[in-house]
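Asks: model the following, please.
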Amino acid sequence: MDINAALKAFVRTVERESITAAARDLGISQPAVTKHIRNLEARLNARLLERSPKNVRVTAQGAELYESCRHALASIDAALEGVRLNDGEVEGPLRVHAPVCIGEKHVHAIVMEFLDAHPQTNIELVLENRQVDLIHENFDIAIRFGRIEGQDVIARRIGWIQRILVAAPEFLDITPRIDAPQQLGDVALVATRNVLEKRNELQLVSDANEAMTVTVSPVLTTNSAQVLLKSLLSGRGVGTIQTNQVIDELRDGRLVRVLPHYTIKPIAASLTYPSTKFMRPVVRAFTDFAITRLRGITGISAEPNCGFDVPHAPEKPEAEIVMSS
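Replies: Numbers count the residues shown, from 1 in each chain. From the prediction side, this is the model:
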């Protein structure tokens, strides 16, 4: 019996709570995983897993074995990859999870650049607007917004996601002038659900770092940054959006800032992974590669209230200004 393969099959089955999922993660057949676990149970003369048609549950003896061997297996894998890394090669699989907004706009390009630099790697990039369990769902790295809770994970701060209010000029042309935050309750608002507090409250911060809460009535809420952006460009209303999503649109004038002396309360962004002690070299290489690029994105700042300038549409040359008589 290959004890290393058997232990890997057992550990992955416990983490995934499924023999089928473990087989998929390990790149082997389901019968092979079952055989590994049965051989391990026979060698130890102990029942490690309770199987049913719907799920797999670890026994008390199985849980003890899992806690004893999972870090050792990770350490062995890291050591083997470390030897290969010393030869100048970063290689192996990598599973990365990120929110859809930053994933489509920025992380995808970073992944492509990393693959070009390290052709012996392969990456699965999963974009979803939810928090994942890094261990049980077999992710090496996840980008998370907000406070890190509920898991024993290591977090490396990327920065603060700045969020602003914008609208298409065409919408503002037919809307009463918006000079104060309280007026937002009287205009059509388009927003992502995670930017709104309970009871449709929007938290704003002024240039003077004064916080205030405004009650709004959104005409559209969505979990898609692309749907939000398209709605704003078509003149559906004032929108709450991450600055990094609209740099080009602000620069060319397709969107303009609303209440430019206020921003939406920023949110922290972090790279997270299960541990640093047993971090595989490919994970460490991608983390170092990605974090510098993510920190360089306009709209991601080192401090919550950074005060950087958001680009505006260029003013028309004086010769193009038409004066009415």
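Asks: give me the residue at the spatial middle of the protein.
Replies: Compute the mean C-alpha point of the chain, and by C-alpha atoms, centre = their mean the closest residue is A98, 2.7 Å away.
Asks: what sits against that residue?
Replies: A98 sits next to 107, 125-127, 142-143 when contact means C-beta atoms under 8 Å, 6 or more residues apart in numbering. For every residue, glycine as well, the C-beta is placed using N, CA and C.
Asks: need the per-residue pLDDT for the closest residue to it other than its chain neighbours.
Replies: In space, and not counting its chain neighbours, A98 is closest to I143: 4.2 Å by C-beta to C-beta, 6 or more residues apart in numbering. I143 is assigned a predicted lDDT (pLDDT) of 96.
Asks: tally of neighbours for I143?
Replies: 21 (other C-beta atoms under 10 Å).
Asks: pull up the pairing partners for whichever strand or helix holds it, direction included.
Replies: Element membership of I143 [criterion: DSSP states H and E] is strand 141-145. Here strand 141-145 has these sheet partners by DSSP bridges: strand 92-98 (parallel), strand 262-273 (antiparallel).
Asks: need those in a markdown table (columns: mean pLDDT).
Replies: A markdown table is the format used below for the strands paired with strand 141-145 (pLDDT from 0 to 100):
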| stretch | mean pLDDT |
| --- | --- |
| strand 92-98 | 93 |
| strand 262-273 | 94 |
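Asks: so which of those is the most surrounded?
Replies: Neighbour counts (mean count of other C-beta atoms under 10 Å) averaged over each of those peak at strand 92-98, with a mean of 21.
Asks: show me what the helix or strand following it is packed up against.
Replies: Elements were assigned by DSSP H and E; along the chain past strand 92-98, the next helix or strand is helix 100-102. Helix 100-102 is packed against no helix or strand, with contacts defined by 3 or more C-beta pairs under 8 Å, 6 or more residues apart in numbering; DSSP states H and E.
Asks: find the least confident helix or strand in the protein, judged by mean pLDDT.
Replies: Least confident helix or strand, the chain: helix 60-86 with a mean of 75, by mean pLDDT, DSSP states H and E.
Asks: export the strands paired with strand 141-145 as a markdown table, with columns for distance to A72.
Replies: As requested, these are arranged in a markdown table below (distance: least, C-beta to C-beta, whole Å):
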| stretch | distance to A72 |
| --- | --- |
| strand 92-98 | 19 |
| strand 262-273 | 18 |
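Asks: ok, which of the ones you listed comes nearest T292?
Replies: strand 262-273 (11.3 Å; C-beta to C-beta).
Asks: for the closest one, what is the distance to the chain centroid?
Replies: Strand 262-273 sits 11 Å away from the centroid of its parent chain (C-alpha atoms, centre = their mean, to the nearest Å).
Asks: could you check the angle the helix or strand just after that strand makes with strand 262-273?
Replies: Per DSSP H and E, the first helix or strand lying C-terminal to strand 262-273 is helix 281-295. Inter-element angle recorded for helix 281-295 and strand 262-273: 170 degrees (by axes from the mean of the first three to the mean of the last three C-alpha atoms, to 10 degrees).
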